[in-house]
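Undergrad: here's my sequence, what's the structure:
(one chain, ligands or ions: 2)
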Amino acid sequence: VEIRREDYTPPDYLIETVELRFELDAETTLVSSRLALHANPDRVGRAPELRLDGEELKLISLQLDGVELAPERYRVEEKHLVIPDPPERFILEAVTEISPARNTALSGLYVSGPMLCTQCEAEGFRRITYFLDRPDVMAVYRVTLVAPKSKAPVLLANGNRIETGELPDGRHYATWLDPFKKPSYLFAVVAGDLVALNDRFTTMSGRKINLELYVEQKNLGKCDHAMASLKRAMRWDEEKFGREYDLDTYMIVAVDDFNMGAMENKGLNVFNSRYVLASPETATDDDYQAIEEVIGHEYFHNWTGNRITCRDWFQLSLKEGLTIYRDQEFSADMQSRPVKRITDVRLLRSSQFAEDAGPLAHPVRPDAYLEINNFYSMTVYHKGGEVIRMLATLLGPDGFRKGMDLYFERHDGQAVRVDEFVQAMADAGGRDLGQFMRWYDQAGTPVLTVTDHYDAATRSYQLIVEQSCPATPNQPEKKPFHLPLAMGLLDRQGRELPLRLSGETGGDSRSRVLELREAQETFTFTGVPEKPVPSLLRNYSAPVKLRYDYTEEELVLLMTHDSDPFVRWEAGQVRAGQVILDLVADRQQGRGMALEDSFVAAFRTLLTDAKQDRAFLAEALTLPAESYLAEQMEVIDPDAIFEAREFVRATLGTRLAAEFQQTRAACAPSGPYRPDDGLSGCRRLRNLCLSYLMAPGSQPAIDAAFGQFRSADNMTDSIGALMPLAGCDCPERGEALRMFYEKWKGDRGVVDKWFTLQATSRLPGTLSEVIALLDHPDFEFTNPNRVRSLVGAFSQSNQVRFHDASGAGYRFLADQILKLNTINPQIAARMVTPFSRWRRFDAKRQEMMKKELERILAEPGLAKDVYEIAAKSV
Ligand code: ARG
Ligand code: ZN
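TA: Ligands and ions are numbered 1, 2, ... in the order given. Take a look at the predicted model:
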């Protein structure tokens, strides 16, 4: 059944307090609940019937106001417990039985390694006990955990530990009280054999908070970075948003089996261990970075998500888009802001744009779903984050901060909609944001087409901006968006010109934000001495596709002179994209490929520019990804894209070999690795040089890579060498992969990397290797990280091999999806997305991909998660 946003009605009943008692055991856990319920005064009409959600539960007993309920007074349905005629106010007590060990879906209470843990967002709580499992039902929880002390010395739940004690038969218990009302999706318990890293944080008002990071004993040495990140995040939220932590203890638990990245449960975050554990030997600079980001993200949810939560799941971006924006800003303040913006835009354009362009396109606030877990999407999260960023740009830093303050002031403790958030922004900024709401309602990536006209006689310059947005499922026509277009104008020497619109007096700004609201608008600048080069969409001020016909010279001017680092980077990407796509056309038409000298020269200039920040340089010297190039083709030709891009890499690697060697040498480490030594940009650039040198496949480069692989004292440089080796048809490849596995076979996170390196190798034999790796003793279908590291990496990060013309890649993926369907539907559904892009390929590939989608849809017992994605795709 499809759930539709417009069908929302308030809950018929509310729950004031929840008391839970867990008799924990992996095979069979008993859950006793005591709920204080009452009819909702705001309900629509009379609602005698109480319908509690419940899945995969065995009901043992049921009492209403202390009296066992007679069988004719309730009904157990497949997904509900129905009490047809309860009183206005009553206590309901239920005992249910669940089996954590058999819960391979990893939603609800499940086993991960030496512990029992929970994941309740979005609708996992109903797999623990019967409940009104919806975010607008908020209650105070009191939770008692009982378990054998030897198996589970640590017993954790949300809030404060108020009682502990010993019980007969070697059991013990702990009781927790969370004083903050919360929706069920923020509930969490963890029980197991864990140890903690402890620390303290003093808030801006002087309160002392205990910080506790729980891991398996063997991982205790890998927690320092996560803890340091947490403290930085806590300080940052105080400084930037005036938000202080509210409980006495903040707990984080790392678990190996987790469907997503992490979860912001009140006072007790549960994390995928890959976003907690790090040591120089096992984690790359990117891993360190991702940990800081996710730790920040979950921490920031305490205010944007927990204190103020969502009324219903259609409002998911209320907390996720906003929290993505907050974690992006946090990371930007902790590292290089321009480089952070570039990596965020790269992700948006490669993943979210593709989603927006296909059959799964949906608005930031979706209108309907079958399975809400399918809407934890790039659009809801990352486009949602861009929407918040546009508000910040439109209102300016002070206006945005005022809007945030007003939002917290008005809605603390409530479950609200996106509308309430935008209204707070509108009221604080004194602005009409009615049209802006279209960003939440209309799917699709808008296209801005810019043309211009210079009139020398009047020294005036016109920018003509047209916006349009392609049709998306159920949305054939789109209305224009309200968006900020940050821009500047450069003269032909690359100097920034003052920006004065006709009718304005004074003003000497060299960068400004134009606001677009119409399908077509003209902006006329006066006092412009010569035909300028427009610098458009500075800092990527809106999530749109920009079309402006730049000449090669203009792009080089922007690349070398613009004051905005994003525009400098983007000009280089546009230029590289043109060059590669021209070569794709040459290749398709059977013409030989040749790289223009001017491109090599511009690349050389950049590479040898000692003044450039190295992290930025590494971004600027990275060619657009195959997937991003694919997005720009009418009919995607994965082979031609791969070959053209490789040709450019190999040609650059050959013609600029001396320069790459010099830069690589200049970036060589001078001491032992430290993740926070400020040299991550240097390492990235050095490893990028190595990958260019490796592209032509010369023996000296292979030797250099193998040498680096063997001598590296850190995972960044080890992977930096192993990645090009894994893509090289040379004996050193097998040797290095073997050595790597032997060294790291006991470390889950590193073994994931080992699987991914092989799955993403562009060598022609990759699919057979991937199929063989399914039988590797370390491969497990029940561990999401492992599935992603092999099946996900191959199908989502190896375009040319996945789309092999034989269709073997497609058959492989469909086979794995059908296996995962019964084990973990959420993960299975995520694996279907590559098939959703079938319309973008040639007729033969279309045919083969559709056939696999139909095979999936024909599977008996298909989970609705998988069904929804497959059915919408086909
Ligand atoms: N709220 C979590 C986060 O963004 C994501 C959890 C989603 N989990 C799920 N199974 N849908 O940090
Ligand atoms: Zn989140």
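Undergrad: any idea how far whichever residue of the stretch 351-500 of the chain sits closest to ligand 2 is from Glu163?
TA: Using Cβ to the ion, the single residue of the stretch 351-500 of the chain nearest to ligand 2 is Tyr381, 7.2 Å away. Heads up, the C-betas are built off the backbone N, CA and C, glycines and all. Distance, Tyr381 to Glu163, by Cβ to Cβ, to the nearest Å: 39 Å.
Undergrad: next one: Ser598
TA: To Glu163, Ser598 is 74 Å away according to Cβ to Cβ.
Undergrad: so which of those two has more stuff around it?
TA: Set Ser598 next to Glu163 and count neighbours by other Cβ atoms under 10 Å: Ser598 wins out with 13 against 10.
Undergrad: what sits against that one?
TA: Glu552 (Cβ atoms under 8 Å, 6 or more residues apart in numbering).
Undergrad: burial of the closest residue to ligand 2 within the stretch 51-200 of the chain, as a residue count?
TA: The minimum distance from the stretch 51-200 of the chain to ligand 2, using Cβ to the ion, falls at Glu121 (8.8 Å). Glu121 has 26 neighbours, counted by other Cβ under 10 Å.
Undergrad: A strand includes it, no?
TA: No: Glu121 is assigned coil when assessed by DSSP: H, G, I helix; E, B strand; the rest coil, not a strand.
Undergrad: state the pLDDT value of Glu293.
TA: Note for Glu293: predicted pLDDT of 98.
Undergrad: next: the one 10 residues further on.
TA: We have a pLDDT of 99 for Trp303.
Undergrad: got the residues of the chain near ligand 1?
TA: Residues of the chain found near ligand 1 (Cβ under 6 Å from any ligand atom) are 121-122, 259-260, 262-264, 297-298, 320, 373, 376, 826.
Undergrad: quick one: end-to-end length of stretch 410-425, please.
TA: Length of stretch 410-425, first residue to last, Cα to Cα, to the nearest Å: 12 Å.
Undergrad: what are the buried residues along that stretch?
TA: The neighbour-count check on stretch 410-425 (16 or more other Cβ atoms under 10 Å) flags 411, 415-418, 420-425 as buried.
Undergrad: contact partners for the residue in the stretch 601-750 of the chain that ligand 2 sits nearest to?
TA: Here the residue of the stretch 601-750 of the chain nearest ligand 2 is Gly749; by Cβ to the ion that distance is 21.5 Å. Counting by Cβ under 8 Å, 6+ apart, Gly749 touches 273-274, 277, 282-283, 287, 785.
Undergrad: of those residues, which is the nearest to Cys223?
TA: Leu277 (7.1 Å; Cβ to Cβ).
Undergrad: you'd agree the closest one is up against Ala254?
TA: Yes: contact criterion Cβ atoms under 8 Å: Leu277 and Ala254 qualify, at 6.2 Å.
Undergrad: what touches both of these two?
TA: Joint contacts of Leu277 and Ala254 (Cβ under 8 Å, 6+ apart) are 215, 219, 223, 226.
Undergrad: among the residues you listed, which are located in strands?
TA: Taking DSSP state E as the definition of strands, the shared contacts of Leu277 and Ala254 contribute Val215.
Undergrad: among the shared contacts of Leu277 and Ala254, which pair sits farthest apart?
TA: Going by Cβ to Cβ, the pair spanning these furthest: Asn219 and Ala226, at 10.5 Å.
Undergrad: so what are the sheet partners of the biggest strand by length in the chain and their directions?
TA: Criterion DSSP E: the longest strand present in the chain is strand 171-183. For strand 171-183, sheet partners with direction are given as strand 138-148 (antiparallel), strand 160-166 (antiparallel), following DSSP bridges.
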